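Peer 1: what's the 3D shape of this:
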Amino acid sequence: MFQQMLQFASTLPIFGEWPEPKVLLERIATAEPGDWLLPWHTCEAVGGKPEPAIASMLAVACLQLSIILVDDILDEDIRGEHHRIGVGPASNQALALQSASIEAIMNSTLPTMHKLAAIQRLNQTALQTAYGQHLDTQAEANESAYWQLVQNKSTPYFSLAFYLGALAGNANHETADHFAALGAIYGEIIQIQDDMNDAMTIPASPDWLQARLSLPILFARSIDHPDRERFLQLYGSLPDAHALAEMQQILVRCGAISYCVHQLLQRHARATLLVNGLQLAHVQVIKKLIADVIQPVRHMFSDLGIPEPDGLF
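Peer 2: Reported below is the predicted structural model:
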């Protein structure tokens, strides 16, 4: 699938004129990112042939790389491509890859009306993600701001991936819109899990060091609990390892991690309800996607010796 995607990318004029962004695409493709396969899976779920999903795979791959290049620059991420090639070249490649995502759809075999709908959704996703990046630079530290940020920065990409796959499978626009909604829920689950993992990782992640809006950290800072003052006091001691260890213990003790699990289970229930309402040729494909993304919660219950909630899997 990834080889087919790269072969299709080689046919796009933009990569013939400017090969450097394609080199980056090829390098990242060797890891076979699961996110890039989402259009393939949703295309299969609606009963479509897999080949038309290749263009949608390339579109979401290019858009994701574009987003990551910019995100790494804004976050001053030490792993960012801009440290290797420079901020200017990385910014220009981000622009090129965003254009390539549209070109991929234009050169696809989608019917004209599906192409127009796909390009419009691509454009909306790029704009919404840019707005999410803007919100990230000035968001207030409260839960309302957190969910607004998630809806604008974290979920649009996944919503797009599900949507493009449905169109590639020749689903009607109503079904494609349902898939877009399902993709948004999927993206929220991904974001909450990332927040939990980043909050509990050692050494301190950027969520701690850069005071990002992280759901468990926000909970511990905002909710009235016995350890709140101690948590706020320790916050200024990072990246001290002892302070981090104590703060992570407080995250568990004050209910921050439990609250995140509660939010995950709510979204899993909504996703399940939405999937059950769809008439799909291969519904098990989507059920497996949802089951896989919630799998870390299942492992958490198992590790703690807690019975799984009824109806979770």
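Peer 1: which element is residue 218 on?
Peer 2: Assigned by DSSP states H and E, residue 218 belongs to helix 215-222.
Peer 1: Helix, strand or coil: sort out the residue lying farthest from the centre of the chain for me.
Peer 2: For the chain, the residue at maximal distance from the C-alpha centroid (CA atoms, centre = their mean) is residue 226, at 33.9 Å. Three-state call for residue 226 (DSSP: H, G, I helix; E, B strand; the rest coil): coil.
Peer 1: just residue 196 next, same as before
Peer 2: Secondary structure, three-state DSSP: residue 196 is helix.
Peer 1: ok, it touching residue 258?
Peer 2: No - using CB atoms under 8 Å, residue 196 is not in contact with residue 258, being 10.6 Å away. Glycine gets a C-beta too; all of them are placed from N, C-alpha and C.
Peer 1: what about these two, which has more around it?
Peer 2: Neighbour count, other CB atoms under 10 Å: between residue 196 and residue 258, residue 196 has more, with 23 against 14.
Peer 1: burial measure for the closest residue to the more buried one other than its chain neighbours, as a count.
Peer 2: Spatial nearest neighbour of residue 196, excluding adjacent residues (CB to CB, 6 or more residues apart in numbering): residue 260 at 5.1 Å. Residue 260 has 21 neighbours, counted by other CB under 10 Å.
Peer 1: and residue 260, how far is that from residue 288?
Peer 2: 23 Å (CB to CB, to the nearest Å).
Peer 1: for residue 242, same thing?
Peer 2: 42 Å.
Peer 1: I figured residue 152 was touching residue 127, is that so?
Peer 2: No - using CB under 8 Å as the test, residue 152 is too far from residue 127 to be in contact (9.7 Å).
Peer 1: More neighbours: the two, which one.
Peer 2: Counted by other CB under 10 Å, residue 152 and residue 127 do not tie: residue 152 has more neighbours, with 19 against 12.
Peer 1: contacting residues for that one?
Peer 2: Each residue near residue 152 by CB atoms under 8 Å, 6 or more residues apart in numbering is listed here: 128-129, 131-132, 135.
Peer 1: Tell me the one of the residues you listed nearest residue 176?
Peer 2: Checking these against residue 176 with CB to CB, the nearest one is residue 128 at 17.2 Å.
Peer 1: Can you name the residues that contact the closest one?
Peer 2: Contacts of residue 128 (CB under 8 Å, 6+ apart): 152, 156.
Peer 1: in the strand or helix carrying it, what counts as buried?
Peer 2: Residue 128 is part of helix 112-136, with elements assigned from DSSP H and E. Under the neighbour-count criterion of 16 or more other CB atoms under 10 Å, helix 112-136 has 114-115, 117-119, 121-122, 125-126, 128-130, 132-133, 135-136 buried.
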